[in-house]
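Chemist: Take this sequence and fold it.
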Amino acid sequence: MSELTLYGRAYCHLCEDMKIALEPLRRDFSFVLHEVDVDADPAAETRFGELVPVLAAGGPGGCGETLCHYFLDEKRVRVWLGAHAGQQGTE
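Modeler: This is a model prediction of the structure:
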């Protein structure tokens with residue numbers, strides 16, 4: 001199962017919007033979504049600063065490819081998931 005990491009902040013409405021926008025993709029793809037609060041992770045805060053939310057490929061702490069920031073790029077995420085995640089109903 002593939003992993004995505006959402007870097008954000010607890011008080012960030014764009015971060016919550018991106019998390020909600022990812023949910024419909026679960027109908028088509030199997031993936032684990034990790035959430036990292038950049039205010040609680042100095043390395044993530046240094047890396048992303050005010051760029052959040054950032055959706056990255058892979059688990060937290062990795063140097064995964066940045067798929068999008070500020071707003072969900074659904075097309076790009078679908079392409080990445082299609083190449084890396086098992087599609088629902090094909091197992």
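Chemist: Tell me the helix or strand right after the lowest-mean-pLDDT helix or strand in the chain.
Modeler: Lowest by mean pLDDT, DSSP states H and E among the helices and strands of the chain is helix 42-48, with a mean of 89. Remark: after helix 42-48, the chain's next helix or strand is strand 54-57, criterion DSSP states H and E.
Chemist: still on that earlier bit, buried sites along the least confident helix or strand of the chain?
Modeler: Using 16 or more other C-beta atoms under 10 Å as the burial criterion, the residues of helix 42-48 that qualify are 44, 45, 48. For the C-beta atoms, the positions are set from N, CA and C on the backbone; glycine is no exception.
Chemist: can you list contacts of it?
Modeler: Helix 42-48 is contacted by residues 7, 36, 38, 39, 54, 69 when judged by C-beta atoms under 8 Å, 6 or more residues apart in numbering.
Chemist: With stretch 60-80 instead?
Modeler: If you take C-beta under 8 Å, 6+ apart as the criterion, stretch 60-80 is touched by 4-5, 14, 17-18, 21-22, 25, 28-29, 34, 36, 48, 51-58.
Chemist: Quick check: ChimeraX command selecting the buried ones in those.
Modeler: Provided next is the ChimeraX selection string for whichever of the contacts of stretch 60-80 are buried by 16+ other C-beta under 10 Å:
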select :4,5,18,22,25,29,36,48,52,53,54,55,56,57
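Chemist: And the helices in the protein?
Modeler: With DSSP state H applied, the chain shows helices at 13-22, 42-48, 74-84, listed in chain order.
Chemist: Now do the second one: distance to the chain's middle.
Modeler: Centroid separation for helix 42-48 versus its chain: 16 Å, with C-alpha atoms, centre = their mean, to the nearest Å.
Chemist: hey, C-alpha coordinates of it in PDB?
Modeler: Only the C-alpha atoms of helix 42-48 are listed here, as PDB (Å, rounded to 0.1, in the frame of the first residue of the first chain):
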ATOM      1  CA  PRO A  42      11.500  21.600  13.500                       C
ATOM      2  CA  ALA A  43      12.900  19.900  10.400                       C
ATOM      3  CA  ALA A  44       9.600  20.000   8.600                       C
ATOM      4  CA  GLU A  45       9.000  23.600   9.600                       C
ATOM      5  CA  THR A  46      12.500  24.500   8.200                       C
ATOM      6  CA  ARG A  47      11.800  22.600   5.000                       C
ATOM      7  CA  PHE A  48       8.300  23.900   4.300                       C
END
